[in-house]
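Chemist: task: produce atomic coordinates for the following.
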Amino acid sequence: TTKFLEEKYPEGLGAVAGDLSESHEGDMLAIGALLHMERHVRELRAASSNDSSPHKCTAGDLLSDRYSVDLVVGWGEGSTQHARVTLKDTSTVEVALRERTVCIQRQALRDRYTPLLHHCTLDGVPISFQVVRRDADDVHITYKGAQRKVVAVTSIQASLQKWMPHKEKLDTSKILRSPMPGNLISLDVEVGSKVFPGDEVAVVEAMKMQNVLRAETECVVKSLHVEVGAVLVADQTIVEFE
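Modeler: Next up, the predicted model:
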């Protein structure tokens with residue numbers, strides 16, 4: 001019927017796409033651990049490819065003792081859990097989580113049209129997931145219509161993270177910053193000016209292109225940090241609001 005979506009998903013598609021069952025969340029943690037293990041194995045092989053390296057590492061060496069890595073996995077904030085990732089053969093890993101043990105077998109080929117789309121079997125069930133972004137210790141994964149950031153670090157790294165300085169998040173709700181390096185060619189407000197959402201506040205020229213910066217909320221200009229003609233760096237404050 002024409003009301004299929006309304007009848008099938010009465011709470012909207014957003015709620016369906018954003019929610020994951022506890023089992024599917026476990027799947028995502030296991031996938032994050034798998035990706036960490038694959039990168040770790042590539043690094044071992046790359047390091048041992050150096051002829052002068054005293055430590056050689058081949059696929060046979062890794063599989064001879066069911067090579068395993070102890071990780072701490074989580075969502076980047078909140079609770080974490082330990083995961084032991086064991087390489088069973090060149091395409092299969094076993095991920096032991098807190099509540100369950102998952103066997104993941106990779107397919108040899110990725111989708112030729114969407115190279116970030118990965119296919120594998122999880123406990124014998126074919127699944128697909130997409131790697132949206134990869135950073136040093138975390139990977140953003142889309143699975144079952146939901147996107148999550150999965151963090152996977154070694155146990156040693158996890159124990160040392162408490163000593164790492166935490167960067168405080170800057171409140172930018174009351175300032176206007178330059179989004180890129182460039183020249184400030186126009187400043188259309190002054191101290192005490194009242195601006196409304198969509199009003200033009202400043203124009204930054206970069207690579208011969210003019211970028212108009214507009215107000216996002218209704219507010220009053222408190223101070224101007226630069227003058228017209230100033231050479232700006234990325235994220236430099238231009239205007240401060242009350």
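Chemist: residue 186 touches residue 203, doesn't it?
Modeler: Yes - Residue 186 lies in contact with residue 203 (C-beta atoms under 8 Å); the separation is 3.8 Å. From N, CA and C alone the C-beta is placed, and that goes for glycine too.
Chemist: and residue 102, how many neighbours?
Modeler: Using other C-beta atoms under 10 Å, residue 102 is surrounded by 20 other residues.
Chemist: quick one: it from residue 19, how far?
Modeler: In this view, residue 102 and residue 19 are 21 Å apart by C-beta to C-beta, to the nearest Å.
Chemist: spit out the contact partners of the most centrally placed residue in the chain.
Modeler: With distances taken as C-alpha atoms, centre = their mean, the chain has residue 140 as the residue nearest its mean C-alpha position (4.0 Å). For residue 140, the contact set (C-beta atoms under 8 Å, 6 or more residues apart in numbering) comprises 131-134, 147-150.
Chemist: by neighbours, which of these wins?
Modeler: Result: residue 150 is most packed of the contacts of residue 140 (other C-beta under 10 Å), 23 neighbours.
Chemist: in a strand, that one, correct?
Modeler: Yes - under DSSP: H, G, I helix; E, B strand; the rest coil, residue 150 sits within a strand.
Chemist: unless I'm mixing things up, it is touching residue 72, no?
Modeler: No - counting by C-beta under 8 Å, residue 72 is not a contact partner of residue 150; they are 11.5 Å apart.
Chemist: could I get the full set of helices for this protein?
Modeler: For the chain, the helices defined by DSSP state H cover 4-8, 13-18, 22-48, 59-64, 155-160.
Chemist: now, of the ones you listed, which is deepest in the fold?
Modeler: Highest mean neighbour count of the helices of the chain: helix 22-48, a mean of 18 (counted as mean count of other C-beta atoms under 10 Å).
Chemist: what is that helix packed up against?
Modeler: Helix 22-48 sits against strand 68-74, strand 80-89, strand 92-96, strand 101-106, strand 117-122, strand 125-134, strand 138-143, strand 146-154, with contacts defined as 3 or more C-beta pairs under 8 Å, 6 or more residues apart in numbering; DSSP states H and E.
Chemist: show me how far that helix is from its chain's centre.
Modeler: Its chain's C-alpha centre and that of helix 22-48 lie 15 Å apart, by C-alpha atoms, centre = their mean, to the nearest Å.
Chemist: now the angle from it to strand 68-74?
Modeler: Interaxial angle of helix 22-48 relative to strand 68-74 (axes from the mean of the first three to the mean of the last three C-alpha atoms, to 10 degrees): 130 degrees.
Chemist: okay, the angle between helix 22-48 and strand 101-106?
Modeler: Using the same axes, to 10 degrees: helix 22-48 against strand 101-106 is 60 degrees.
Chemist: helix 22-48 versus strand 146-154: what angle between them?
Modeler: Helix 22-48 and strand 146-154 meet at an angle of 50 degrees, taking the same axes, to 10 degrees as the criterion.
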